[in-house]
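S.K.: sharing a model prediction with you, sequence too.
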Amino acid sequence: MSDSSPDRPAAPVLDVWCELQCPDCRSALDDLHALRARYGDRLELRLRHFPLEKHKHAFAAAQAAEEALEQGQGWSYVEAVLGRVEELDRRGEPFLVEVARELGLDAEEFDTALIDGRHILIVDADQAEGKAIGVTGTPTYVIDGERLDGGKSQEGLRERIEEIADRLLGE
């Protein structure tokens, strides 16, 4: 939730198109940590889902991330899963529920959410929007209408994001 009072302008938004079974997204975590450290709540990092067909557990992982967000630990969950991409590859949905349990989330509710598909529409909408704006791989960042493709290379992306964020923040 954001404070929309007139004396506090809305923070610029960095959309992070991500896939939780993607090794490149795991590599991007360092950049996201650095951006959080530099900007705090002056830059809103918003997770957007773009599960790739080549990763068979990515769609379930995106739904699980939405359940974690609903339970108040979206980014913690995303980082925990990305940190163990190989385990997700091997174990699939039981691993997603196990990570929830490790973080103290309601694991039974995670299991139910994965079965009943309550978050499918959010994931589908993100994926459709991503395709519409030209996202083809992950991670991809969008800030101030500029799309930066991190799936090809992370080189220089954080610096470019910082340049745009600084301009938007008047720094």
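M.R.: Yep, it's here.
S.K.: give me the element the residue nearest in space to the middle of the chain is part of.
M.R.: Nearest residue to the geometric centre of the chain (Cα atoms, centre = their mean): L47, 3.1 Å. Using DSSP states H and E, L47 maps to strand 44-49.
S.K.: before we move on, the earlier item: tell me how far the residue nearest to the centre of the chain lies from F59.
M.R.: According to Cβ to Cβ, to the nearest Å, L47 stands 15 Å off from F59. In short, each C-beta sits where N, CA and C put it, glycine included.
S.K.: follow-up on the earlier one: list the contacts of the residue nearest to the centre of the chain.
M.R.: For L47, the contacting residues are V16, C18, A65, L69, G74, W75, V78, by Cβ atoms under 8 Å, 6 or more residues apart in numbering.
S.K.: and which of those residues is nearest G145?
M.R.: Of all those, the one with the least separation from G145 (Cβ to Cβ) is V16, at 15.3 Å.
S.K.: that closest one - that's part of a helix, no?
M.R.: No: in this structure, V16 is strand, not part of a helix, as judged by DSSP: H, G, I helix; E, B strand; the rest coil.
S.K.: neighbours of it, how many?
M.R.: For V16, the tally of surrounding residues (other Cβ atoms under 10 Å) stands at 26.
S.K.: surely it is in contact with R48?
M.R.: Yes: the pair V16 / R48 is scored as a contact, 6.3 Å apart, by Cβ atoms under 8 Å.
S.K.: circling back to that earlier point, any chance of the contacts of L47 in CSV, plus secondary structure and pLDDT?
M.R.: What follows is the contacts of L47, written out as CSV (DSSP: H, G, I helix; E, B strand; the rest coil; pLDDT from 0 to 100):
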residue, secondary structure, pLDDT
V16, strand, 95
C18, strand, 94
A65, helix, 97
L69, helix, 96
G74, helix, 93
W75, helix, 92
V78, helix, 96
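S.K.: let me know the closest of these to A34.
M.R.: Of all the contacts of L47, A34 sits closest to V16, with 13.3 Å by Cβ to Cβ.
S.K.: and the closest one, bridged to which residues?
M.R.: V16 has these beta-bridge partners by DSSP bridges: L47, Y141.
S.K.: and it, what is it in contact with?
M.R.: When contacts are counted by Cβ under 8 Å, 6+ apart, V16 touches A28, L32, L45, R46, L47, R48, P139, Y141.
S.K.: and these, which two are the farthest apart?
M.R.: A28 and R46 (14.4 Å).
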